[in-house]
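Novice: take this sequence and fold it.
(one chain, ligands or ions: 1)
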Amino acid sequence: MRTVAEISVDPDTAEVHEQGWQSWSPSTRYRIGERPHRWIHGTHRIVCYRGDADPTTGVFRGEGLLAVDPRDGGPVTVIAAADPTATVPTIEASYVDGRVVVRADGDVVVRLDDGPGGVQGSYARWADQVVADLGLTAPRPAPTTWCSWYQYFTGVTEADVDLNLGLMAELELPVDVVQVDDGYQQEIGDWLVPSGRFADVPGLFRRITDHGRRAGIWTAPFLVGSRSRTFAEHPDWLVRDDDGGPTSAGANWGQDLFALDTTHPGAVEYLREVFTAFQGWGIDFHKIDFIYAGALPGRRHEDVTPIEAYRRGVELIRDCVGDSYLLGCGAPQLPSIGLVDAMRVSPDIAPVHAPADGDLSQPSQRGAVLNGVSRAFQHGRFWVNDPDCLITRPDVERREEWAEHVSRFGGLRGASDGLDKLDDWALETTRALLGAAVPRHFVAS
Ligand code: 9PG
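Specialist: Next up, the predicted model:
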């Protein structure tokens, strides 16, 4: 770590804005002396954070991006990765005797910005520069979606999807894509093996397109679960630690998770087989999830950096799916620039306002709102922002506030209630938000 900036501030007014590593990593602003929401305990550490994201009081941390706002009329200082699609330095800021001292473990640019719009304005001007340097074109507008996850979770059945397919026609909801989430597959890593609750997965997608909707599917393409056939049959496809064992990608679904080595020829061939099969099923919308796993440090078949391996993996998927719509989720943010059409910028929404255990990487309205606001600048520049799905059914706490957030910061608009659960307010709010025009950029301060 070397010192890259020292900024004189009044500790009573100044704020530090942290940007986390991936979609679910808490990203928000703090007053000096506040303890960041980062969480280093338990199984979420590997899944939702980068490395050992120690939330020591007074040490703020951004992954490739951090800003200091003195809030005294002086300029905002943005400290950002010099080459954000190649290396993402960890940037730390601490308060020492009237100054915020910023340190980084790699090349950064330091921008003093006194333009309008506060930190979001400053971030936006930095992002515009990144986009210009990379020669990126404006992102394609997102289709509207219905997603099975936030009503049915892993218990989703083929009949649940059929029920909603019928209801969205009856209710004349403007849903472009019906996106089947986690639960259609037997195991994490075995994407072409159906779960017992789905008799005919390709047949279901055919019914979706026969209804005049587009077909969307969820995968966690770089994860391999310890219960999967892929794990049992192809241990050589996994990223490895220095001791030779498979690198942990965390745990979820009651099992240990490992990372597919996107530079291994066998793994590459398998990913091609999976996404080519999906093309054959008529799928043209892909929610590629838990893709942080592609960027974990470890030993791979080819000697490339974790970010290079990650980008190769996503590029491989893009190569298979052509101009299908790609939504990144659980995705390292800066390394994904230029690869995806839309990006989940937040942890999951839930019917509860605050997460039970206080870890804001976990499902809650509060965590989703904090990230959606602090990443507003990305929308229309790097990609279309996905704030996570609208849920409007009556048992959702503070549902009006969540709908208002989606209305202000929703680039990709998806509904994720069982459509038989909606009361009048829910139905009209869902209809209005799916039907509304999405602004090119968002205004947040
Ligand atoms: C499917 C879901 C949905 C959801 C995604 C993702 O362990 N975790 O910390 C954890 C975080 C997020 C998560 C699941 C677990 O949800 O964001 O929309 O697709 O996967 O399993």
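
Novice: helices of the stretch 51-200 of the chain, residue ranges please.
Specialist: 118-134, 149-152, 158-170 (DSSP state H, counting those that start in this stretch).

Novice: could you identify which of those is most buried?
Specialist: Most buried of the helices of the stretch 51-200 of the chain by mean neighbour count (mean count of other CB atoms under 10 Å) is helix 149-152; its value is a mean of 22. The way it works is simple: take the backbone N, C-alpha and C, and place the C-beta from them, glycine included.

Novice: ok, stretch 22-39 near the ligand or not?
Specialist: Yes. Using CB under 6 Å from any ligand atom, we find that stretch 22-39 touches the ligand at Trp24.

Novice: ends of that stretch, how far apart?
Specialist: 14 Å (CA to CA, to the nearest Å).

Novice: kindly report the same for stretch 198-217.
Specialist: 14 Å.

Novice: just the pLDDT at the one residue in the chain that gets nearest to the ligand, thanks.
Specialist: As assessed by CB to the nearest ligand atom, the ligand sits closest to Asp182 within the chain, at 3.5 Å. For Asp182, the pLDDT comes out at 98.

Novice: just give me the neighbour total for it.
Specialist: For Asp182, the neighbour count with other CB atoms under 10 Å is 21.

Novice: from now on call the first residue 756
Specialist: Done: numbering now begins at 756, and the last item shifts to Asp937.

Novice: for it, give its distance to Thr909.
Specialist: 6 Å (CB to CB, to the nearest Å).

Novice: same deal with Thr899?
Specialist: 24 Å.

Novice: do Pro791 as well
Specialist: When CB to CB is applied, the distance between Pro791 and Thr909 equals 31 Å.

Novice: ok, Leu978 next?
Specialist: Counting by CB to CB, the gap from Leu978 to Thr909 is 14 Å.

Novice: can you check Val956 too?
Specialist: 15 Å.

Novice: higher neighbour count, these two?
Specialist: Val956 (21 against 14).

Novice: what's the local residue count around the closest residue to the more buried one other than its chain neighbours?
Specialist: Leaving aside its chain neighbours, Val956 sits nearest to Pro949 (4.9 Å; criterion: CB to CB, 6 or more residues apart in numbering). The number of residues packed near Pro949 is 17, by other CB under 10 Å.

Novice: identify the residues contacting Pro949.
Specialist: Tyr939, Gln940, Gln941, Asp955, Val956 (CB atoms under 8 Å, 6 or more residues apart in numbering).

Novice: I figured the second one hits Ile972, correct?
Specialist: Read that as Gln940. No. At 9.3 Å, Gln940 does not count as touching Ile972 under the criterion of CB atoms under 8 Å.

Novice: is stretch 897-907 in proximity to the ligand?
Specialist: Yes. Using CB under 6 Å from any ligand atom, stretch 897-907 reaches the ligand at Trp904.

Novice: and that stretch, how far apart are its ends?
Specialist: Counting by CA to CA, the terminal residues of stretch 897-907 are separated by 23 Å.

Novice: over to stretch 1078-1092?
Specialist: 17 Å.

Novice: residues of that stretch that come out buried?
Specialist: Neighbour counts using 16 or more other CB atoms under 10 Å place 1079-1092 of stretch 1078-1092 among the buried residues.

Novice: just the ones of those residues in helices?
Specialist: Among those, none falls in helices (DSSP state H).

Novice: restrict those residues to contacts with the ligand.
Specialist: Among the buried residues of stretch 1078-1092, the ligand is touched by Cys1084, Gly1085 when using CB under 6 Å from any ligand atom.

Novice: closest to Tyr905 out of the buried residues of stretch 1078-1092?
Specialist: Distances from Tyr905 to the buried residues of stretch 1078-1092, taken as CB to CB, are shortest for Cys1084 (13.2 Å).

Novice: how close does the residue nearest to Thr912 when sequence neighbours are not counted sit to Trp1036?
Specialist: Leaving aside its sequence neighbours, Thr912 sits nearest to Arg952 (CB to CB, 6+ apart; 4.3 Å). Separation of Arg952 from Trp1036 (CB to CB): 17 Å.

Novice: and the two? Which one has more around it.
Specialist: Comparing Arg952 with Trp1036 by other CB under 10 Å, the one with more neighbours is Trp1036, at 18 against 15.

Novice: list the residues that contact the more buried one.
Specialist: Val956, Pro957, Phe960, Arg961, Ala970.

Novice: buried subset of those, written for PyMOL?
Specialist: To isolate the buried subset of these in PyMOL, counting by 16+ other CB under 10 Å, use the following:
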select buried, resi 956+960+970
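
Novice: next step: the contacts of Trp1036 restricted to helices.
Specialist: Going by DSSP H, the helices hold Val956, Pro957, Phe960, Arg961 from the contacts of Trp1036.

Novice: let's have these in CSV, adding pLDDT and distance to Glu1024.
Specialist: CSV is the format used below for these (pLDDT from 0 to 100; distance: CB to CB, whole Å):
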residue, pLDDT, distance to Glu1024
Val956, 98, 21
Pro957, 98, 21
Phe960, 98, 23
Arg961, 98, 26
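
Novice: looking at the residues you listed, spot the one nearest Asp1179.
Specialist: Phe960 (31.8 Å).

Novice: got the CA positions of the helix-or-strand element of the chain with minimal mean pLDDT in CSV?
Specialist: Lowest on mean pLDDT, DSSP states H and E among the helices and strands of the chain sits helix 799-803, with a mean of 93. Taking C-alpha atoms only, helix 799-803 is exported to CSV below (Å, rounded to 0.1, in the frame of the first residue of the first chain):
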residue,chain,number,x,y,z
HIS,A,799,-20.8,-14.8,3.3
ARG,A,800,-17.2,-13.5,3.4
ILE,A,801,-16.1,-15.3,0.3
VAL,A,802,-19.4,-15.1,-1.5
CYS,A,803,-20.1,-11.4,-1.0
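
Novice: all set now, cheers.
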